[in-house]
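>>> Provided below for reference: sequence and predicted model.
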Amino acid sequence: MLRSEFMQFSEVFLALGEERFAQLLRNISLGKLKTYQLFDRVKTRLRVVKLNSEALRKGEPRFWARLQEKDDEFATELSQAILVSHLDLIQAVLDFLGVPHENGFFAKDIDGSKYLTEGWQQRVYDQFKQQYPEALVLFYVNHLAWELAKPEQIFEPVA
């Protein structure tokens, strides 16, 4: 469990661990990166000559090392690549929580406290862990908490 006054986003990846991180990389949709015009930006940020599934797989140790160096800009770009690849999960979670959004995107100035009530993370995890990869559900729960609630610790589910 990580604790800090202002948690950096790279800490979300690090807390999930290297195995889950590798799973998240394997689930990036190159087609969706192109659709949302993120392909070239992600390719540049990852520092790869060619962005494909093999480059993602082979680059995983280098990417992990950058996260360990607390490269938050890198972590943010990488999180966008993961999230746009799974807008279906994002929309489902936001609907489940009652958070107003447009196709998975919500206003940046939204007050999350009225939607992220006591125990929300566990409820979301329990609801979606069978439908989506566990690493992805945990990543999004922690990402949403980071964006709306500014938590002091990383969520780990109760079995």
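Done, it's in. Numbering: from 1, shown residues only.

>>> Quick check: the gap between the residue of the chain positioned farthest from its centre and residue 43.
Note on the chain: the largest C-alpha distance from the chain mean falls to residue 49, namely 24.1 Å (C-alpha atoms, centre = their mean). Separation of residue 49 from residue 43 (C-beta to C-beta, to the nearest Å): 8 Å. In this view, the C-beta of every residue, glycine as well, is placed from N, C-alpha and C.

>>> ditto for residue 123
Counting by C-beta to C-beta, the gap from residue 123 to residue 43 is 37 Å.

>>> Could you check which of these two is surrounded by more residues?
Taking neighbours as other C-beta atoms under 10 Å, residue 123 and residue 43 compare with residue 43 leading, 18 against 14.

>>> Where does that one fall, secondary structure wise?
Secondary structure from DSSP states H and E places residue 43 in helix 39-46.

>>> Please name every helix or strand in contact with that helix.
Contact partners of helix 39-46 among helices and strands, from 3 or more C-beta pairs under 8 Å, 6 or more residues apart in numbering; DSSP states H and E: helix 30-35, helix 53-68, helix 72-84.

>>> how is this structure carved up into domains?
Under automatic domain parsing, the residue ranges defining each domain of the chain are 10-84, 87-148.
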